[in-house]
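Undergrad: Quick one, what's the 3D model for this:
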Amino acid sequence: GFLMLVSEYFTKLSYGQFRNVSAGLEGIGQIKDETKNTIVGYMQDALIQLYTRFNLLEKVAIVQQHSHITNYHLDKRYAKFNPDRPPENYGYIIDLPAEPFNNDAVKILRVHDMQGCERVLNDTDDCYGYGTPFSTTLFIPNPVNNEYVSIVYQALHPKLEFGVYNTPINIPNSLDNAFLTYVAYSFYRDMNTDTTSVKSQEHLAAYEMICAK
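TA: Numbers count the residues shown, from 1 in each chain. You can find the predicted model right below:
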């Protein structure tokens with residue numbers, strides 16, 4: 001589908017949620033320059049909220065088993081090509097130098113073995129079964145040296161960059177309003193006056209309502 005850019009969401013905010021505040025330049029379709037990066041920060045928070053709550057992006061991580069490791073964390077401290085990987089950590093997440101694993105896992109959804117078979121997760125009757133003790137940790141009770149598993153995980157939206165306003169934001173149209181409402185909630189929350197606190201709570205309630213729907 002058609003993706004809107006950060007700058008286009010600025011326009012929407014100016015005409016909409018921020019039309020009565022100076023940051024939205026009183027509704028002329030632009031955001032004050034000195035407020036832009038603050039709002040990019042709120043957009044980043046809103047994307048984390050939405051991508052954690054809804055499965056909007058699935059990615060795959062390849063993990064190499066080591067016979068003495070039973071818990072495999074989707075954390076870049078264990079990524080093979082992470083230059084900052086602590087020396088005592090095995091690089092069992094097999095990423096690529098051009099595509100480093102970047103800590104965007106929300107939760108593990110499915111796991112396949114080398115034969116491509118999906119493994120049942122968290123079956124209490126299966127003593128040898130794989131499990132997820134934490135949302136982004138895979139437990140393999142009997143790891144086999146050098147065997148690989150592919151982990152499909154729910155992922156976060158790529159990080160937004162401050163000062164870059166032509167980045168596309170990938171959210172389904174049905175969540176557009178949830179996104180803008182959450183940005184407005186954060187904006188008014190941080191203004192910290194009695195009036196804005198009330199507005200902030202109204203936006204948060206509206207956000208919850210849209211998400212529930």
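Undergrad: I'd assumed L47 was in contact with A178.
TA: No - checked against CB atoms under 8 Å, the pair A178 and L47 is beyond contact range at 10.8 Å. C-beta coordinates here come from the backbone N, C-alpha and C atoms, glycine included.
Undergrad: Residues contacting stretch 151-167, please?
TA: Stretch 151-167 has contacts (CB atoms under 8 Å, 6 or more residues apart in numbering) with 5-7, 10, 36-37, 40-41, 43-44, 47-48, 50-52, 55-63, 74, 104-112, 136, 138, 169-171.
Undergrad: ends of that stretch, how far apart?
TA: Using CA to CA, to the nearest Å, the end-to-end distance of stretch 151-167 comes to 28 Å.
Undergrad: again with stretch 170-177
TA: One end of stretch 170-177 to the other measures 13 Å (CA to CA).
Undergrad: model confidence over that stretch, on average?
TA: For stretch 170-177, mean pLDDT rounds to 92.
Undergrad: follow-up on the earlier one: filter the contacts of stretch 151-167 to the buried ones?
TA: Buried members of these, scored by 16 or more other CB atoms under 10 Å, are 6, 10, 36, 40, 43-44, 47-48, 50-51, 56, 61, 63, 74, 104-106, 108-109, 111, 136, 138, 169, 171.
Undergrad: could you pull out the helices for the chain?
TA: Secondary structure of the chain (DSSP state H): helices at 6-15, 33-53, 176-191, 194-212.
Undergrad: Which one, of those helices, ends up nearest to S67?
TA: Taking CB to CB as the criterion, helix 33-53 is the member of these that comes nearest to S67, at 33.5 Å.
Undergrad: by contact count, what packs against the closest one?
TA: Secondary-structure packing of helix 33-53 (3 or more CB pairs under 8 Å, 6 or more residues apart in numbering; DSSP states H and E): helix 6-15, helix 176-191.
Undergrad: ok, now which ones touch Q65?
TA: Contacts for Q65 (CB under 8 Å, 6+ apart) come out as 72, 92, 140, 143-149.
Undergrad: Pipe these into TSV and attach distance to F162 per row.
TA: Formatted as TSV, the contacts of Q65 follow (distance: CB to CB, whole Å):
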residue	distance to F162
Y72	33
Y92	33
I140	39
P143	41
V144	45
N145	44
N146	42
E147	42
Y148	37
V149	37
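Undergrad: can you redo those residues as TSV with distance to A184 and pLDDT?
TA: As requested, the contacts of Q65 are arranged in TSV below (distance: CB to CB, whole Å; pLDDT from 0 to 100):
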residue	distance to A184	pLDDT
Y72	39	98
Y92	42	97
I140	44	96
P143	47	95
V144	51	95
N145	52	95
N146	51	93
E147	49	96
Y148	45	97
V149	42	97
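Undergrad: which of those count as buried?
TA: Burial by neighbour count, judged by 16+ other CB under 10 Å, picks out 72, 92, 140, 143, 149 from those.
Undergrad: okay if I get those as a markdown table plus distance to G131?
TA: Putting the buried ones among the contacts of Q65 into a markdown table (distance: CB to CB, whole Å) gives the following:
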| residue | distance to G131 |
| --- | --- |
| Y72 | 11 |
| Y92 | 17 |
| I140 | 9 |
| P143 | 13 |
| V149 | 13 |
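Undergrad: Lovely, talk soon.
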